[in-house]
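Trainee: Give me a 3D structure for the following:
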Amino acid sequence: MMSILFALLAFTQFANGNIGTDHHHPNVIIMHINNLYWNDLGIHVNRKDHENATPNIDYLAYSGIILNRFYANGGIESLLSGCYKTSEYGNTNLLANYFQRNGYQVNFVSRQNFDKIDAFEAEVLNAISNDQTPFLLVTDFGHVGVDINIPFVDEIVASIMTKAHDIDAMNNTIFLFLSLPDNNESPLEINIRRTAFIYSPLLSLQQRVSNQIIHVIDLLPTLVNASSLKWKTKDVIYVDGINQWSALNTNDEERLDVFGTNFYISSLWKLTYDGNDDDGFYGSIRNENMESDMDLTDFDFLSYVQTIFSSEIQRIFDKLSSEKIMYTRMRAKVHCNLKDIDSSAVENIRCSHASPCLFNLMEDPCEYDNKFEKEFDHRREQMKNIHERFLNGEDIESPSIKDVEGFLEDGAMVGIILGGTVVGCICIFIVVVCVKEQCNKKRSVYHSRSGTTITQQPSNESRVENGYLKEMSNGDPFPISTVSRNVKFDERVSSA
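Mentor: Presented below is the predicted three-dimensional model:
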């Protein structure tokens, strides 16, 4: 008799759609805005005027995880597909398909469909359902254009958070705020490194700044994994992104590289073929705009904190301290280190396929010191070769940190054999012999283009100094993580 009652109760809960209260299927709200640059929000810039302040967005960012190395050179198509913007992929499932097939209500609300901002806000709030069915909401605020639009975005963010709080959905919702570029293909950091942050009570480590490399293509497998979505074999697609949900919870490093059609980033090194200080069409976008030092002599921090504490959403969250806000801002800042740079050399920086540029993003995040002619030939050639293979759609494999450190910890034997000199070049052969079963932990995945089986390394562990991975003793930009072009979707999202 009791079993029948429990069965009836379970059926009633299922019929009422209580899946929305299950933490295994959280709601997801993505707030996306075009061309919001690094210094358009208070978390990165010292605004002297409070007319264009963003207290609600800032408070939400401080309460969650500020993604300080978020790269978004792919645009909205990469967000929805999880693929690099390199070539046509044919028919594929998008982010909304997976949520919809798992019983989610899916809504995409774009600012471009409305003449009045009030109508857009009403449509966004209407999409936040309180019928206990989990939902995915993607809001497209469109192009910011001028500063006067930013306060309107801030008000709508406050309305979204208030509505989620009023329907008791805060504890079971993932909030993601990010900026994506339009059609600007400049590879400068000011263009591809965008403002983004994530907040959710489902994340264990919050109120911090993350210097993990996260690309926009990672968001699809990350959100699918965080929402515990299921899929059928026929639904399998191919994505370039990797699941970062576990990394966000542990602050480990998953991704070591970022690819673009005219640049390649490997940990702290960046190779670029284009993007002069003035390209003639987009105008001057040199990275002095990324400078966000907190100059307390020129910045009224107390006034800023008062603005934050008077935000509409501050009542929803645990109260932040002024010390916490100051510490977080200091962690999120970018310092251009101009005092060590020759200004005349900066003016002469010209990056092209004939003469690429190489920047150390830890020492020179604003890309003023071209080290292409100063670094070892093998570093330059290695990065150029990897980038060319990426553009050709080839598989790119190399050991991850976890593999290398795991080998050494488990008693690996490393033999280094120095060969003879050929035309003045010393050939170095490194032989790594694994004496335990670490090598067996590699996963085989299917490569869709070539139809061959490749080997993907497990995710690497964190080894970070000042937000960047440490280099090996020989100066190589090691390691470069595995990049498998179009790896099977189920392999990517299930690698927690």
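
Trainee: what's the nearest residue to residue 215 if we skip its chain neighbours?
Mentor: Spatially, and ignoring its direct neighbours in sequence, residue 215 is nearest to residue 71 (4.9 Å; Cβ to Cβ, 6 or more residues apart in numbering). Just so you know, the C-beta spots here come from the backbone N, C-alpha and C atoms, and that holds for glycine as well.

Trainee: likewise residue 85?
Mentor: residue 74 (4.3 Å).

Trainee: With only the CA atoms kept, save stretch 210-228 in CSV.
Mentor: The C-alpha trace of stretch 210-228 is given here as CSV (Å, rounded to 0.1, in the frame of the first residue of the first chain):
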residue,chain,number,x,y,z
SER,A,210,39.2,33.7,-12.4
ASN,A,211,42.3,33.9,-14.7
GLN,A,212,41.5,30.6,-16.3
ILE,A,213,41.4,30.7,-20.1
ILE,A,214,37.8,30.3,-21.1
HIS,A,215,36.6,30.6,-24.7
VAL,A,216,33.0,31.3,-25.9
ILE,A,217,33.0,27.9,-27.5
ASP,A,218,33.3,26.3,-24.1
LEU,A,219,30.0,27.7,-22.9
LEU,A,220,27.8,25.1,-24.8
PRO,A,221,29.4,22.0,-23.3
THR,A,222,29.8,23.7,-19.9
LEU,A,223,26.2,24.6,-19.6
VAL,A,224,25.0,21.3,-21.0
ASN,A,225,27.1,19.5,-18.4
ALA,A,226,26.0,21.8,-15.6
SER,A,227,22.4,21.1,-16.5
SER,A,228,22.9,17.3,-16.6
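
Trainee: ok so, going back, which ones are touching the residue nearest to residue 85?
Mentor: Residue 74 makes contact with 83, 84, 85, 215, 216, 217 under the criterion Cβ atoms under 8 Å, 6 or more residues apart in numbering.

Trainee: Just name the lowest-scoring one in those, pLDDT-wise.
Mentor: Within the contacts of residue 74, residue 85 has the lowest pLDDT, namely 76.

Trainee: For it, which three-state class applies?
Mentor: Assigned with DSSP: H, G, I helix; E, B strand; the rest coil, residue 85 falls in the coil class.

Trainee: Run a quick neighbour tally on it.
Mentor: Neighbour count of residue 85, defined by other Cβ atoms under 10 Å: 17.

Trainee: go on, residue 230?
Mentor: Other residues near residue 230 number 10, with proximity taken as other Cβ under 10 Å.

Trainee: And residue 151, by the same measure?
Mentor: Count around residue 151 with other Cβ under 10 Å applied: 16.

Trainee: hey, what's residue 179 bridged with?
Mentor: Beta-bridge pairing of residue 179 under DSSP bridges involves residue 33.

Trainee: Got the confidence number for residue 164?
Mentor: Per-residue pLDDT puts residue 164 at 92.

Trainee: Which helix or which strand is home to it?
Mentor: Element membership of residue 164 [criterion: DSSP states H and E] is helix 149-166.

Trainee: Check residue 305 too.
Mentor: With DSSP H and E as the test, residue 305 turns up in helix 301-309.

Trainee: Buried ones in that helix, by neighbour count?
Mentor: Buried positions in helix 301-309, judged by neighbour count with 16 or more other Cβ atoms under 10 Å: 304, 305, 307, 308.

Trainee: Can you give me the separation between residue 42 and residue 181?
Mentor: Distance, residue 42 to residue 181, by Cβ to Cβ, to the nearest Å: 21 Å.

Trainee: Revised request: answer the last question for residue 153.
Mentor: In this view, residue 153 and residue 181 are 17 Å apart by Cβ to Cβ.

Trainee: on that earlier part again, contacts only, for the residue nearest to residue 215.
Mentor: Neighbour list for residue 71: 192, 193, 194, 213, 214, 215, 216, 258, 265 [criterion: Cβ under 8 Å, 6+ apart].

Trainee: Could you list which of these belong to helices?
Mentor: Counting by DSSP state H, these place residue 192 in helices.

Trainee: Which ones among the contacts of residue 71 map onto strands?
Mentor: By the criterion of DSSP state E, membership of those in strands covers 193, 194, 213, 214, 215, 258, 265.

Trainee: mean confidence for stretch 26-44?
Mentor: Averaged across stretch 26-44, pLDDT comes to 85.

Trainee: Can you give me the first-to-last residue distance of that stretch?
Mentor: Chord length of stretch 26-44, first to last residue, is 29 Å (Cα to Cα, to the nearest Å).

Trainee: can you pull the buried residues of stretch 78-96?
Mentor: Residues 78, 79, 80, 81, 82, 83, 84, 85, 86, 89, 93, 95 are the ones in stretch 78-96 that count as buried (16+ other Cβ under 10 Å).

Trainee: my bad, should have said stretch 180-199
Mentor: 180-181, 184-199.

Trainee: For that stretch, give the mean pLDDT please.
Mentor: Per-residue pLDDT over stretch 180-199 has a mean of 84.

Trainee: What is the helix holding residue 305 packed up against?
Mentor: Counting contacts by 3 or more Cβ pairs under 8 Å, 6 or more residues apart in numbering; DSSP states H and E, helix 301-309 is packed against helix 55-63, helix 322-332.

Trainee: just the angle between it and helix 55-63, please?
Mentor: Interaxial angle of helix 301-309 relative to helix 55-63 (axes from the mean of the first three to the mean of the last three Cα atoms, to 10 degrees): 100 degrees.

Trainee: now the angle from helix 301-309 to helix 322-332?
Mentor: Computed with the same axes, to 10 degrees, the direction of helix 301-309 lies at 100 degrees from that of helix 322-332.
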